[in-house]
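**Student:** Predicted structure and sequence below. I'll ask about it afterward.
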Protein chains: 2
Amino acid sequence: MTRPTPPTATLVRVTETRVERKERTRRAILDAALELCEESSLVALSLRQVAKEVGIVPTGFYRHFESIEELGLALVDESFASLRSMLRAVRQTDRFDGSFASIVDASVDILLEHVHAHPRHFAFIARERTAGQPSVRDAIRHEIELCELELATDIAKLPAVADDWSTDDLRILSGLIVTAMVSTAEQVISGHGRRAVEERTAEVARTQLRMVLIGALQWRSSQRS
Amino acid sequence: MTRPTPPTATLVRVTETRVERKERTRRAILDAALELCEESSLVALSLRQVAKEVGIVPTGFYRHFESIEELGLALVDESFASLRSMLRAVRQTDRFDGSFASIVDASVDILLEHVHAHPRHFAFIARERTAGQPSVRDAIRHEIELCELELATDIAKLPAVADDWSTDDLRILSGLIVTAMVSTAEQVISGHGRRAVEERTAEVARTQLRMVLIGALQWRSSQRS
DNA sequence: CCTTTGAGTGCACGGATGTACACCGAAAGT
DNA sequence: ACTTTCGGTGTACATCCGTGCACTCAAAGG
């Protein structure tokens, strides 16, 4: 695969600095781990399996990570970096005018695009969120909480949202939406690329989002009256 | 712990038939597995760990299960048996009059009660749902689908629900509710018994359920007009 | 009473795992 | 041109893993 060219093969001499090589091996380790743990979980993954997949000797692993756990935390960082770039895309998009329907459609579309772009990252988060080592779980939980907070402030900015919403209510609403979207991503991934499953899942997600958004508004106004 | 009395201790002679003893050991294995995999996942659990915890020799495990995977499937059965008993309780309860608020409050209360009664079962389902071996994942997914279907028919029977709801819409709504409730259970469990976390989670769950239910109705009527 | 059954034992094995240690050799630094 | 740095190597070892096999011995059953 993408194994780092062993020193003996430097006959080819593709001028590559030392830090570049190190970074390349690090990447290979991250990718190998992401792929290998796909059928179960990081906790069921051995250092030796990763090393073999990468094409280095087991002890070579320690040059990059102190343990599998540290590897996991690095993967959390990486996964959420890509997720945040998606959220930024949603936020800056001008694919919708301002109606709920168009916001929902654009958001679901972007979510699906990103799940396609980084399927292993999403799968990793979904899995380790509940099954990882405690430190990994906590890291993911914290990141998701940040996502919910960001979403809450975004919702507050929507023109259609009354300005008397409490921050608590915004948090609750965004929590519900995030939960539904995480579940949607999980279903798409577990659908294993089948177009029909995915289209169905997308349609369900759109409907659910509409129910939630319109419902929240209605509920809100009923609280006010 | 609850290890089966070894044959040598039969001096005590508590007249116990052979099948009773076998069943007791089987239970001990199930309990030990449920407890041991709590900090990670079934896939990261060895036959030997379970055997040691139970107090039998490793090969003794095979008298009860062919593999850890089969153990996992048995745990899925057991977990959902208890979950279904909860759902039956919700369905038959007369704790509410018929208003949405009382339905929501009663449902959330019963959910929390049951999470308290079977915390390991809920945690197991939440974990293995995404991180288990494929066969275990599939078994759980199937069971959850059944729960969604049952909930959909229950919702259809509510007096407040218009009778022109399509089965699709009912499925979508119940899927959303189940997702939110699974998430609620996960949060309660990860709160690790702290009363404050739990009360907060319950309140969030109630609010989310109200948003969803009232929202679905509003959305529905807006579709009709 | 004598036979059968079967849950649990004890040992032994080949293989995988994490990690310690000494080593290499090319790139980086001087 | 030299020394240093440091990814990556190779060997080695204690530990755990699943599992095969022959065994025990009390309950079940004729």
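**Tutor:** Perfect, thanks for sending it.

**Student:** Skipping its backbone neighbours, what lies nearest the residue of chain A found nearest chain B in space?
**Tutor:** Using CB to the nearest CB, the single residue of chain A nearest to chain B is A:Gly215, 1.0 Å away. (C-beta placed from N, C-alpha, C; glycine too.) Nearest residue to A:Gly215, sequence neighbours excluded (CB to CB, 6 or more residues apart in numbering or on different chains): B:Gly215, at 1.0 Å.

**Student:** and the one you found, what is it in contact with?
**Tutor:** B:Gly215 makes contact with A:Met211, A:Val212, A:Leu213, A:Ile214, A:Gly215, A:Ala216, A:Leu217, A:Gln218, A:Trp219, according to CB atoms under 8 Å, 6 or more residues apart in numbering or on different chains.

**Student:** Among the residues you listed, filter down to the buried ones and hand me the ChimeraX syntax, if you would.
**Tutor:** Buried subset of these, written as a ChimeraX selection, criterion 16 or more other CB atoms under 10 Å in any protein chain shown:
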select /A:211,212,213,214,215,216,217,218,219
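
**Student:** Make TSV out of the contacts of B:Gly215 and add secondary structure, distance to DNA strand C and pLDDT.
**Tutor:** Shown next, in TSV, are the contacts of B:Gly215 (DSSP: H, G, I helix; E, B strand; the rest coil; distance: CB to the nearest atom of the strand, whole Å; pLDDT from 0 to 100):
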residue	secondary structure	distance to DNA strand C	pLDDT
A:Met211	helix	45	88
A:Val212	helix	43	89
A:Leu213	helix	46	87
A:Ile214	helix	50	83
A:Gly215	helix	48	82
A:Ala216	helix	47	82
A:Leu217	helix	51	80
A:Gln218	helix	53	80
A:Trp219	helix	50	74
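
**Student:** can you put the contacts of B:Gly215 in a markdown table and add distance to A:Glu186?
**Tutor:** Formatted as a markdown table, the contacts of B:Gly215 follow (distance: CB to CB, whole Å):
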| residue | distance to A:Glu186 |
| --- | --- |
| A:Met211 | 19 |
| A:Val212 | 18 |
| A:Leu213 | 21 |
| A:Ile214 | 24 |
| A:Gly215 | 23 |
| A:Ala216 | 23 |
| A:Leu217 | 27 |
| A:Gln218 | 28 |
| A:Trp219 | 27 |
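
**Student:** wait, which of the contacts of B:Gly215 is closest to DNA strand D?
**Tutor:** Closest to DNA strand D out of the contacts of B:Gly215 is A:Val212 (43.7 Å), distances taken as CB to the nearest atom of the strand.

**Student:** how far away is the closest one from B:Leu209?
**Tutor:** According to CB to CB, to the nearest Å, A:Val212 and B:Leu209 sit 11 Å apart.

**Student:** Same question for A:Thr184.
**Tutor:** From A:Thr184 across to B:Leu209, the span is 19 Å (CB to CB).

**Student:** Any buried residues in the worst-scoring helix or strand of chain A on mean pLDDT, and which?
**Tutor:** Least confident helix or strand of chain A, by mean pLDDT, DSSP states H and E, is helix A:195-224 with a mean of 86. Buried residues in helix A:195-224, counted by 16+ other CB under 10 Å: A:198, A:201-202, A:204-220.

**Student:** SS state for A:Glu16?
**Tutor:** coil (DSSP: H, G, I helix; E, B strand; the rest coil).

**Student:** State the distance from it to B:Pro119.
**Tutor:** With distances taken as CB to CB, A:Glu16 is found 53 Å from B:Pro119.

**Student:** cool, A:Cys37 as well?
**Tutor:** 26 Å.

**Student:** Assess the claim that A:Ala32 and A:Val50 are in contact.
**Tutor:** Yes - here A:Ala32 reaches A:Val50: they are 5.3 Å apart, a contact under CB atoms under 8 Å.

**Student:** Pull up the distance across stretch A:123-139, start to finish.
**Tutor:** Chord length of stretch A:123-139, first to last residue, is 16 Å (CA to CA, to the nearest Å).

**Student:** quick check, that stretch touching DNA strand C?
**Tutor:** No - using CB under 7 Å from any atom of the strand, stretch A:123-139 stays clear of DNA strand C, with a minimum separation of 12.7 Å.

**Student:** right, is that stretch up against chain B?
**Tutor:** Yes - residues of stretch A:123-139 are located near chain B by CB under 8 Å from any CB of the partner chain, namely A:Ala126, A:Arg127, A:Glu128, A:Arg129, A:Thr130, A:Ala131, A:Gly132, A:Gln133, A:Pro134, A:Arg137.

**Student:** Mark which of those are buried, thanks.
**Tutor:** The neighbour-count test (16+ other CB under 10 Å) marks A:Ala126, A:Arg127, A:Glu128, A:Arg129, A:Thr130, A:Ala131, A:Gly132, A:Gln133, A:Arg137 as buried among the residues of stretch A:123-139 next to chain B.

**Student:** what about the residue lying closest to the first one once chain neighbours are set aside, helix or strand, and which?
**Tutor:** If you skip the residues right next to it in sequence, A:Ala126 has A:Glu186 as its closest partner in space, 4.8 Å away by CB to CB, 6+ apart. Secondary-structure assignment from DSSP states H and E places A:Glu186 in helix A:167-190.

**Student:** Would you mind pulling the contact partners of that helix?
**Tutor:** Applying CB under 8 Å, 6+ apart, the contact partners of helix A:167-190 are A:108, A:111-112, A:115, A:119, A:122-123, A:126, A:144, A:147-149, A:151-153, A:155-156, A:197-198, A:201-202, A:204-205, A:208-209, A:212, A:216, A:220, B:130, B:137, B:141, B:176, B:179-180, B:183, B:204, B:207-208, B:211-212.
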